[in-house]
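Participant: missing the sequence, but the structure's below:
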């Protein structure tokens, strides 16, 4: 009964997806009250279970406190503005980055990535299945594929613009989306977009990045106020990169996620952190100390890591789905290629087209 109590009070997210199972548990506890000496404990657990179930169902059905989506509409001057509350969009050709508010792009990305993360099963991390037996880790494989698609999409969004002004605007939008993703605790999408910005073809766009910096300095000189804090957009982006860096086995990001996990809010971690941990566990010690003797220390460490994943998967975003934007972000539009190497080459070629190498000067 003690284990059941802990399961209900600390890990109710295991029960949330299955109301029938919750009902059967409730009937079981009622039956225990009638037939067992544990009647007092069972009664308290019934009360706890009902409270959590009610809170869980009400959070799904009552959206009064959820933030209204920020939707774009066309003004008379054909310039998109962001209005609140939401209004319907008639056109299907809305540019995701130029016409949608960065905060709404971040929200919909977070809902999408959270749904993918919640599908990952504990068994997929065993024995490095994602690398050695991918068919046993289909959800991790899907998450990895999605990571690469979003990263490349972010890079193409910049490279496909013909003018330096357009490219600089897209970079600024991506920076701001990243800051919203940080606040939404969607660290996986943070790294997706940072990876796209770090693509070799994007990283070499000196004129584009110089214009981004110039605009940022102008806003700072004018004394403009920013929702993300006192620093300029470029400095805020650089700070975020430090927080998301791989340094010390993602030490900074781990600290941030550990602190964030204390709050009731959605959270999408970077799966690579857990893959690194499970690889270390798998290769760092034997599963059996001797024939027939299980390495309990390894098992406990594995269980602890799975527990952390389950805690993160139990976090839920209280956000509205915006079908128009969600569909665009699920089915990201970008050039397709036979393999990653050809896409990398194409991105670099495009980069050279929009910003050719400067001719070497001779003394």
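Facilitator: On my side now, so go ahead. Since the model is a prediction, treat every value here as computed from it, not as a measurement.
Participant: use CA for all of it now, contacts and neighbours both
Facilitator: Noted.
Participant: The nearest residue to residue 197 once chain neighbours are set aside: how many residues sit nearby?
Facilitator: Nearest residue to residue 197, sequence neighbours excluded (Cα to Cα, 6 or more residues apart in numbering): residue 155, at 5.9 Å. Using other Cα atoms under 10 Å, residue 155 is surrounded by 27 other residues.
Participant: secondary structure class for residue 155?
Facilitator: At residue 155 the chain is in helix, as set by DSSP: H, G, I helix; E, B strand; the rest coil.
Participant: Which helix or strand contains the residue lying closest to residue 343 once chain neighbours are set aside?
Facilitator: Nearest residue to residue 343, sequence neighbours excluded (Cα to Cα, 6+ apart): residue 337, at 5.7 Å. Assigning secondary structure by DSSP states H and E places residue 337 outside every helix and strand.
Participant: I'd like the next helix or strand past the lowest-mean-pLDDT helix or strand in the chain.
Facilitator: When each helix and strand of the chain is scored by mean pLDDT, DSSP states H and E, strand 80-83 comes last, with a mean of 41. Sequence order places helix 96-99 as the next helix or strand after strand 80-83, per DSSP H and E.
Participant: Tell me the gap between that following helix and the middle of its chain.
Facilitator: With Cα atoms, centre = their mean, to the nearest Å as the basis, helix 96-99 stands 19 Å off its chain's centre.
Participant: So which residues of the stretch 1-150 of the chain form helices?
Facilitator: Along the stretch 1-150 of the chain, the stretches classed as helices by DSSP state H, counting those that start in this stretch are 2-10, 19-35, 39-61, 96-99, 102-118, 129-132, 138-159.
Participant: separation between residue 162 and residue 181?
Facilitator: 27 Å (Cα to Cα, to the nearest Å).
Participant: Which one of these two is surrounded by more residues?
Facilitator: Here residue 162 and residue 181 are set side by side on neighbour count (other Cα under 10 Å), and the busier one is residue 181, at 25 against 12.
Participant: wait, isn't the more buried one in contact with residue 108?
Facilitator: No: the pair residue 181 / residue 108 is not scored as a contact, 10.0 Å apart, by Cα atoms under 8 Å.
Participant: got the contact list for residue 128?
Facilitator: Residues in contact with residue 128, defined by Cα atoms under 8 Å, 6 or more residues apart in numbering, are 275, 278-279, 282.
Participant: how about the residue nearest to residue 343, phi and psi?
Facilitator: phi -140, psi 160 (degrees, to the nearest 10).
Participant: Determine the number of other residues adjacent to it.
Facilitator: The number of residues packed near residue 337 is 11, by other Cα under 10 Å.
Participant: I'd say it and residue 347 touch.
Facilitator: No: in terms of Cα under 8 Å, residue 337 does not count as a neighbour of residue 347; the distance is 10.9 Å.
Participant: Can you say which of the contacts of residue 128 are buried?
Facilitator: 275, 278, 282 (16 or more other Cα atoms under 10 Å).
Participant: with those residues in mind, which one is nearest to residue 331?
Facilitator: residue 275 (26.2 Å; Cα to Cα).
Participant: wait, what's in contact with the nearest residue to that closest one once chain neighbours are set aside?
Facilitator: With sequence-adjacent residues excluded and distances taken as Cα to Cα, 6+ apart, residue 275 is closest to residue 125, at 7.1 Å. Residues near residue 125 by Cα under 8 Å, 6+ apart: 137, 275, 278.
Participant: Which of the helices or strands spans the second one?
Facilitator: This means residue 275. helix 271-284.
Participant: That helix versus helix 138-159: what angle between them?
Facilitator: Calculated by axes from the mean of the first three to the mean of the last three Cα atoms, to 10 degrees, helix 271-284 forms an angle of 140 degrees with helix 138-159.
Participant: Return the distance of helix 271-284 from the chain's centre.
Facilitator: Its chain's C-alpha centre and that of helix 271-284 lie 19 Å apart, by Cα atoms, centre = their mean.
Participant: Buried residues of it, list them for me.
Facilitator: 271, 274-275, 278, 281-282.
Participant: how far away is residue 349 from residue 171?
Facilitator: Taking Cα to Cα, one finds residue 349 at 19 Å from residue 171.
Participant: So the two - more neighbours on which side?
Facilitator: A direct count of neighbours by other Cα under 10 Å for residue 349 and residue 171 places residue 171 higher, at 22 against 14.
Participant: need the contact list for the more buried one.
Facilitator: Contact analysis of residue 171 by Cα under 8 Å, 6+ apart lists 158, 209, 212.
Participant: Which one (most neighbours) among those?
Facilitator: residue 158 (25 neighbours).
Participant: Can you list the low-confidence ranges for the stretch 1-150 of the chain?
Facilitator: Low-confidence segments of the stretch 1-150 of the chain, defined by pLDDT under 70, span residues 10-23, 26-27, 30-31, 33-39, 49-64, 73-94.
Participant: switch to 90 and redo it
Facilitator: Scanning the stretch 1-150 of the chain for pLDDT under 90 picks out 1-67, 71-99, 126-127.
Participant: Okay, buried residues for the host helix or strand of residue 210 please.
Facilitator: Residue 210 belongs to helix 206-221 when assigned by DSSP H and E. Of the residues in helix 206-221, 208-209, 211-213, 215-216, 220 count as buried by neighbour count, 16+ other Cα under 10 Å.
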